[in-house]
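Undergrad: Show me the folded form of this:
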Amino acid sequence: MKPDTMNALLVVFALVLTMTYQAVLSPPGGVFQGDVAGSNKTDGEGKSVMNPFNFLLFYIPNGVAFIMAWIITILLLEVVAKSIKSFFKPLYFFMCFCYGAAIAAPIAITIMNDEWEGKEKEGGNEKRKK
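TA: Prediction:
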């Protein structure tokens, strides 16, 4: 493969990586904001506006595109930039870690909130029984 072709592919895959990473941080339609129009309801703060099925239709292909672009970029860098490869690999692993954290954080927060709400309900029921 010609060096110009590899450089163009690196630019394209860098753009794909950037696009998919940003899409996880701000999903289509955005997220629910707190205290909109005087409402005190806080159940959906920080959750995607899309329904769960459509969100998964967006979320899964986005994650697959990120992982594929990341792997191809690493492979192209091994061929193109042998002298700076040792610098870029830790950088890409850090970027992948940040992407994984951006994906896992909402899931972990949702699980923790559900458990917390369950404990509050159980505690309220015990107080009422006494």
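Undergrad: Residue 5 is in contact with residue 76, correct?
TA: No. Contact criterion C-beta atoms under 8 Å: residue 76 and residue 5 do not qualify, at 10.0 Å. Where C-beta positions appear, they are placed from N, C-alpha and C, glycine not excepted.
Undergrad: between the two, which one's more packed in?
TA: residue 76 (16 against 9; other C-beta atoms under 10 Å).
Undergrad: how about that one, what does it touch?
TA: 6, 9, 10, 13 (C-beta atoms under 8 Å, 6 or more residues apart in numbering).
Undergrad: Confidence-wise, which of these comes last?
TA: Lowest pLDDT of those: residue 6, 84.
Undergrad: so what's it closest to, chain neighbours aside?
TA: Leaving aside its sequence neighbours, residue 6 sits nearest to residue 80 (C-beta to C-beta, 6 or more residues apart in numbering; 5.0 Å).
Undergrad: how close does that neighbour get to residue 15?
TA: From residue 80 over to residue 15 the distance is 16 Å, taken as C-beta to C-beta, to the nearest Å.
Undergrad: out of these two, which sits in the busier spot?
TA: Counted by other C-beta under 10 Å, residue 80 and residue 15 do not tie: residue 80 has more neighbours, with 15 against 11.
Undergrad: so how far is residue 109 from the residue most central in space within the chain?
TA: In the chain, the residue lying closest to the centroid (C-alpha atoms, centre = their mean) is residue 103, at 3.3 Å. Applying C-beta to C-beta, the value for residue 103 to residue 109 is 12 Å.
Undergrad: what's residue 24 in contact with, if anything?
TA: Here residue 24 is in contact with 59, 62, 63, 66, 99, 102, 103 (C-beta under 8 Å, 6+ apart).
Undergrad: Contacts only, for the residue nearest to the centre of the chain.
TA: 24, 63.
Undergrad: Tell me the spacing between it and residue 82.
TA: Taken as C-beta to C-beta, the span from residue 103 to residue 82 is 32 Å.
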